[in-house]
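K.L.:
fold the following for me, if possible:
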Amino acid sequence: MEFLSTFDDAHGTIWEFKVEALEVSHMSMQSHLLELQKRHEALEQQIAEALLHPSTDDLTLRELKRRKLYVKDEIMRLQHVESVH
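P.N.:
As a prediction, this is how the structure comes out:
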């Protein structure tokens, strides 16, 4: 099974690549989901801190929010894949 994955880097370049899915154990999927959830929480914290500083520019804030959304989408995708199997 192949997955098409995209990544939009900080410079606006969209990278697209195919990922060959191998048999992934339930435990490794759970640990990956846990890491993504931790990253999502860390980004929430960074956004909250950035909002407290008036010197934070809109581009930085937008980039943090975009990265948070990307992580959330990845969490949702993996949870869907896990629930199907």
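
K.L.:
where in this structure is pLDDT low?
P.N.:
For the chain, residues meeting the criterion pLDDT under 70 lie at 1-27, 85.

K.L.:
what about the strands in it?
P.N.:
In the chain, the strands defined using DSSP state E lie at 2-8, 14-20.

K.L.:
what sits against residue 75?
P.N.:
Residue 75 makes contact with 33, 36-37, 40 under the criterion C-beta atoms under 8 Å, 6 or more residues apart in numbering. C-beta coordinates here come from the backbone N, C-alpha and C atoms, glycine included.

K.L.:
which of these are buried? Put it as a ChimeraX command.
P.N.:
Buried residues among the contacts of residue 75 (16 or more other C-beta atoms under 10 Å), as a ChimeraX selection:
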select :36,40
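
K.L.:
for residue 57, grab phi and psi.
P.N.:
phi -80, psi 160 (degrees, to the nearest 10).

K.L.:
and what of residue 54?
P.N.:
Dihedral pair for residue 54: phi -60, psi -20, per degrees, to the nearest 10.

K.L.:
so how far is residue 67 from it?
P.N.:
22 Å (C-beta to C-beta, to the nearest Å).

K.L.:
which of these two has more neighbours?
P.N.:
Taking neighbours as other C-beta atoms under 10 Å, residue 54 and residue 67 compare with residue 67 leading, 17 against 5.

K.L.:
leaving out sequence neighbours, find the closest residue to the more buried one.
P.N.:
Among residues not flanking residue 67 along the chain, residue 43 sits closest, at 5.8 Å (C-beta to C-beta, 6 or more residues apart in numbering).
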